[in-house]
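Asks: Below are the sequence and a predicted model for it; my questions follow.
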Amino acid sequence: MGVLYNILSNITFTDILTGLLSLTCIYVIHFYYKHFTRLNPFPGPTPIPLIGSLAIFMEDIDAWFWRLNKKYGHNGIYELNIAGNRQIVITRAEYVDTLVATDSKAHIMRTANNGLLDLFDLEKKGVGLNHDYNYWKFNRHIFSQAIMPLSLTDKPSMILNQLYKEMEQHWIDLKQHTGERGAVIDISVWMRHFTADFIAMLTAGKRMAVMKHYCQRLKNEPLTEEILDTEEFVECINTFVSDNQVIFIPKILRSLPFIKPRVDKLLKNCNRFYEKLVDIVKEKRKEVEKTIMNGELDTKRMDLLTSLIVANTQYDSHPQEKVDPSLNRPMNDDEIRGVMFDAFVAGTDTTVNTFCFALYYITHHPEVKKKLLEELATVFKDDPYKPITLEDLAKLRYVEAIIKETSRIRPTVSMVSRYSQRPDEIAGHLWPAKTLFIMYVRGINNNPLYWKEPEKFIPERFYENQGIHKNSFSMFGGGPRMCLGRKIAIIELKTLLAAVYRRFDVELLDMNAPVKVETSTITVCKELKIRVVPKERII
Ligand code: HEM
């Protein structure tokens, strides 16, 4: 005891400093030793201990990936380090095959689970961020049973026609309000409101009047509680979409002074969002119970939320035979809330941005616009009022080609990740379990190995269905975690493009400005100012 006391009392400040310095040196040497002797080294920026790469704090993450892709991506793989985590970036279609194999459980997770998923109650909830295989499988199975059949009905089209008509009327009102040739609008904001209304109607059969309230706000009408309520709802979605990287910050860093306020803000946002969603679920459950009691439940025309509520009960319209018993139970309100959260988060901004990027490219390519208008004239026989049906959509092949070409050249989900559960061979190399792979969709979609003049916007690539190389184009990911809303998304995008161009001339306010983007987990169109000039016959 006395010896220890003597040693401790003789330690000076300089000793402490020297000790700390030595520890740091040992850490740095160990870090670079591990880095330079790593398995399967690939080119990429040399990492800084603890931080990985500083660039992530200084530029848009997709712009950074794109820059690295040009510098290091020619062999189909490069690597980088973010906050001490090695990430293997794939830019070649052939290397994607194993990662998106439909029967593979080896690459079923998107990320490691060392972040804050549990704090945000997302670890076992919903689909998109769910990290527990059994809960994910259960939720995905029921979500898929509810959403896939919906895309084969006329329900999404009917809702879209109705909402579009409403949006158009707002634009015409705004035009009259300002007395200009056409309303000047930020289409990215309008689309955020439109898609919130759409998903609310599609999932819960609920009118939220999000667009109506936004228009009232634009016209400086008095603010009501209802308006503030819907604004808060849209804000909840936007905040989550733009700041969800916070959830992946390693737990250990959570309390750092520049991180804690962001975590707390997002947590508050999510809790408010969950409350609102649970209210919607509870309200719907009461409604469903009432219709069942009255014998009025129409199992053929259920909205998505009703399908989720009655899944695996006697009222299920798609009862499953021979299904894994663990999947064969009804969902509770909290589980349904998790799935509804996914529908709003994954189903709104993705479509918004793809739509905005499509408008941007069409306005910059008059020859594409000409062909688009020709197709609309052929399909709708110059009748601008006819509601758009599923049958019409099937004929809009050029419109679909525009959507695909937009997603090729400027994908809104430009990175799709997989975190391996066991050792596997990828790109001719054996990788240990717990390797994080990023399929850099934008890099693959623009790789000259598969695309002639990839920088050019040419929808015909998809229109004429020239042999497209396997996995060289990805809009909705692939394999067991492929997007669940892909059919609905295409219906929505085709309907909107057709509807807008049937009735309006779309002019970009600044033809010289590049599209303003910001990337979180998706690339968001921050602003796209356009003028929508009604075609004479619809005024
Ligand atoms: C243009 C619109 C959309 C795009 C570009 C898009 C893209 C994607 C992508 C790339 C993924 C990841 C797939 C993977 O990891 O392999 C994904 C997942 C997902 N998407 Fe979409 N999506 C869109 C619209 C929608 C809509 C409308 C919904 C629902 C209403 C939706 C629901 C989901 C869900 C639930 C997942 C997670 C699936 C899972 O983890 O198992 N998406 N989406």
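Replies: Looks like it arrived, so ask away. Residues are numbered from 1 along each chain as shown.
Asks: who in the stretch 201-350 of the chain is up against the ligand?
Replies: Taking CB under 6 Å from any ligand atom as the contact definition, the stretch 201-350 of the chain meets the ligand at Asp342, Ala343, Ala346, Gly347, Thr350. Where C-beta positions appear, they are placed from N, C-alpha and C, glycine not excepted.
Asks: Enumerate the residues of this protein near the ligand.
Replies: Checking the chain against the ligand by CB under 6 Å from any ligand atom, the hits are 127-128, 140, 342-343, 346-347, 350-351, 354, 412-413, 416, 475-479, 481-485, 488-489.
Asks: that older thread, of all the residues of the stretch 201-350 of the chain next to the ligand, which comes closest to Ile280?
Replies: Using CB to CB, Ala343 comes nearest to Ile280 of these, at 11.0 Å.
Asks: Could you double-check that that closest one sits in contact with Phe198?
Replies: No - checked against CB atoms under 8 Å, the pair Ala343 and Phe198 is beyond contact range at 10.5 Å.
Asks: rewinding a little: and the buried ones among the residues of the chain next to the ligand, selectable in ChimeraX?
Replies: Provided next is the ChimeraX selection string for whichever of the residues of the chain next to the ligand are buried by 16 or more other CB atoms under 10 Å:
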select :127,128,140,342,343,346,347,350,351,354,412,413,416,475,476,477,478,479,481,483,484,485,488,489
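Asks: What about the residues of the chain next to the ligand, which are in helices?
Replies: Those of these mapping onto helices are Arg140, Asp342, Ala343, Ala346, Gly347, Thr350, Thr351, Thr354, Ile488, Ala489, per DSSP state H.
Asks: Quick check: the farthest pair among those residues?
Replies: Farthest pair in these (CB to CB) is Arg140 and Thr354. Separation: 22.7 Å.
Asks: Confirm Cys185 sits in a helix?
Replies: You called it Cys, but residue 185 is Ile. No - judged by DSSP: H, G, I helix; E, B strand; the rest coil, Ile185 forms no part of a helix; its state is strand.
Asks: What does the pLDDT read for it?
Replies: pLDDT recorded at Ile185 is 95.
Asks: again, but for Leu305
Replies: Model confidence at Leu305, expressed as pLDDT, equals 95.
Asks: and the nearest residue to Asp154 once chain neighbours are set aside, how many neighbours?
Replies: Counting by CB to CB, 6 or more residues apart in numbering, Asp154 lies nearest to Leu390, which is 5.8 Å off, once chain neighbours are set aside. Other residues within reach of Leu390, judged by other CB atoms under 10 Å, total 16.
Asks: Repeat that for Pro534.
Replies: A count of nearby residues for Pro534, using other CB under 10 Å, gives 18.
Asks: go on, Gly205?
Replies: 17.
Asks: Verify the contact between it and Asp303 for me.
Replies: Yes - Gly205 lies in contact with Asp303 (CB under 8 Å); the separation is 4.0 Å.
Asks: Identify all contacting residues around stretch 233-248.
Replies: With CB atoms under 8 Å, 6 or more residues apart in numbering as the contact definition, stretch 233-248 has outside contacts at 111, 115-117, 120, 122, 129, 192-193, 196, 208, 210, 259, 262-263, 265-266, 269-270, 272-273, 276, 344-345, 348-349, 518, 520-522, 524.
Asks: shaky segments in this structure?
Replies: Residues of the chain that meet the criterion pLDDT under 70 lie in 1, 321-322, 465, 537-539.
Asks: can you do 50?
Replies: For the chain, applying pLDDT under 50 flags the ranges 538-539.
Asks: can you give me the helices in the stretch 101-250 of the chain?
Replies: Ranges of helices within the stretch 101-250 of the chain are 133-150, 155-178, 187-204, 210-218, 225-243, based on DSSP state H, counting those that start in this stretch.
Asks: and among these, the most buried is which?
Replies: Ranked by mean neighbour count, the helices of the stretch 101-250 of the chain are led by helix 187-204 with a mean of 24 (mean count of other CB atoms under 10 Å).
Asks: Remind me what that helix packs against, helices and strands.
Replies: helix 155-178, helix 210-218, helix 225-243, helix 304-310, helix 333-347, helix 349-364, helix 486-503, strand 523-527 (3 or more CB pairs under 8 Å, 6 or more residues apart in numbering; DSSP states H and E).
Asks: got the angle for the fifth one vs helix 133-150?
Replies: Note on geometry: by axes from the mean of the first three to the mean of the last three CA atoms, to 10 degrees, helix 333-347 and helix 133-150 are set 60 degrees apart in direction.
Asks: who's in contact with the closest residue to Ala204 other than its chain neighbours?
Replies: Nearest residue to Ala204, sequence neighbours excluded (CB to CB, 6+ apart): Leu305, at 4.6 Å. Neighbouring residues of Leu305 by CB under 8 Å, 6+ apart: Thr203, Ala204, Gly205, Ile280, Val281, Lys284, Ile336, Met340.
Asks: Next, give me the two most distant ones among those residues.
Replies: Gly205 and Ile336 (14.3 Å).
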